[in-house]
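[1] Next one to model:
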Amino acid sequence: MKKLRLVSILLVLALAMSLVSGCRQETTGESQQPGGDPATSQNSEENSQGVTDDEILVGTIALTSGAYAFLGMPAIAGLKAAFDRLNANGGVQGRQVKLVSYDDGGDPATGKTMIEKLVEDDQVFMLTNLGSEVEATMPYLREIGIPLVNVTCTDGSAYSEYAPDSRIFQISPDFTTDGKYLVTRVLHEDLFGPNKDEKLPDDAKIGVVYTTDQGSMLTLDAMKQQAEAEGAADRFIYEVVTTDTVQTVIQKLKNENCQAVVL
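    Coordinates of the predicted model:
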């Protein structure tokens, strides 16, 4: 899944690069009206913010400190590795992609300030792989119109961007949608058995292991709603865990004859 998300980021990055020419054409059209200033027309041919003839600046929030550093550190390492591979293969339209990153420690207010710094001071072309600060920054991102390729979003705020000219590309679903997917997949998809091609029996018990952070609780509520809608609420057993009790809880669910466990 992580590989697919990184590939998606690269694909959307290439797609977003089409905005460079799109913005340039729009500006050029305005500057070439009768009586237009030749100097203005010449300036309109310059590249978009964060794009030179040989480089593209992409901004991100790394989240390499604080409680969620265990998520942020491999994420930023994977993003850098993907960009290194992209650059080794010629980059995007002959341009090398340079990552500009800051660490907000998981604090949305700090992240919002850093995003504004990336856009206004560092002059990045686009943003990618933001975290909890997406919700706090969404009005600003809509107003500024900078491309955003995002992976995480807790409340679905990025999913209202359906306009044809939207520059916000949300890759993974919000936690609420995740919860519904998890229940639907475990109940109906051919994921089980010796060859991983069988459905669970209709009476199979299913364990759910969750924590008490915001994302997990949103996912849990959505799972319960979907299980109820599927008429399968009595098949699910929910257990809260900490990092120290995961193995114990999973063994408990096995002892209760759960045939699948959703983490």
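[2] pretty sure Lys252 is in contact with Val240, am I right?
    No: applying Cβ atoms under 8 Å, one finds Lys252 not in contact with Val240, separated by 11.7 Å. (Glycine included, C-beta is placed from N, CA and C.)
[3] Any idea which residue is closest to the centre of this protein?
    Nearest to the centroid of the C-alpha atoms of the chain, with distances taken as Cα atoms, centre = their mean, sits Val151, at 0.5 Å.
[4] That one against Asn129, yeah?
    Yes: applying Cβ under 8 Å as the test, Val151 and Asn129 come out as touching, 5.2 Å apart.
[5] for this structure, what are the low-confidence residue spans?
    The model of the chain has pLDDT under 70 over residues 1-47, 131-133, 152-165.
[6] Strands along that one, start to end?
    55-61, 96-102, 126-128, 148-150, 168-170, 205-210, 236-240, 258-262 (DSSP state E).
[7] Relative to Thr248, which of these is closest?
    strand 236-240 (9.6 Å; Cβ to Cβ).
[8] strand partners of that closest one, parallel vs antiparallel please.
    strand 205-210 (parallel) (DSSP bridges).
[9] Strand 258-262 and the strand it pairs with, what's the angle between them?
    When axes from the mean of the first three to the mean of the last three Cα atoms, to 10 degrees is applied, the directions of strand 205-210 and strand 258-262 differ by 30 degrees.
[10] Residues touching strand 205-210, excluding its own?
    186-187, 200, 216-217, 219-220, 223, 235-241, 246, 249-250, 253, 256-263 (Cβ atoms under 8 Å, 6 or more residues apart in numbering).
[11] hmm, back to that, so which of the strands of the chain comes closest to Ala88?
    strand 96-102 (9.7 Å).
[12] ok, and for the closest one, which residues are buried?
    Across strand 96-102, burial judged by 16 or more other Cβ atoms under 10 Å covers 97-102.
[13] so that strand versus strand 55-61, what angle?
    30 degrees.
[14] tell me what strand 96-102 is packed against?
    strand 55-61, helix 69-88, helix 108-120 (3 or more Cβ pairs under 8 Å, 6 or more residues apart in numbering; DSSP states H and E).
[15] Please work out how many residues are found near Ala227.
    24 (other Cβ atoms under 10 Å).
[16] Equivalent analysis for Asp221, please.
    By other Cβ under 10 Å, neighbour count at Asp221 equals 13.
[17] Can you get me a residue count around the closest residue to it other than its chain neighbours?
    With Cβ to Cβ, 6 or more residues apart in numbering as the criterion, Asp221 has its nearest non-adjacent residue at 7.0 Å, and that residue is Gly179. Neighbours of Gly179 under the rule other Cβ under 10 Å: 26.
[18] Is Gly179 in contact with Gln226, as I believe?
    Yes: with contacts counted by Cβ under 8 Å, Gly179 reaches Gln226, the gap being 6.5 Å.
[19] which stretches of the stretch 101-250 of the chain form helices?
    Listed in chain order, the helices of the stretch 101-250 of the chain (DSSP state H, counting those that start in this stretch) span 108-120, 133-144, 175-188, 214-229, 246-255.
[20] Just send these back as CSV, with distance to Asn89 too.
    Putting those into CSV (distance: least, Cβ to Cβ, whole Å) gives the following:
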stretch, distance to Asn89
helix 108-120, 25
helix 133-144, 29
helix 175-188, 32
helix 214-229, 34
helix 246-255, 39
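[21] For Tyr68, which of those helices is the nearest?
    helix 214-229 (10.0 Å).
[22] The closest one: which residues count as buried?
    Residues 215-216, 218-220, 222-224, 226-227 are the ones in helix 214-229 that count as buried (16+ other Cβ under 10 Å).
[23] Stretch 175-188 too?
    Residues of stretch 175-188 classed as buried by neighbour count (16+ other Cβ under 10 Å): 175-180, 182-183, 186-187.
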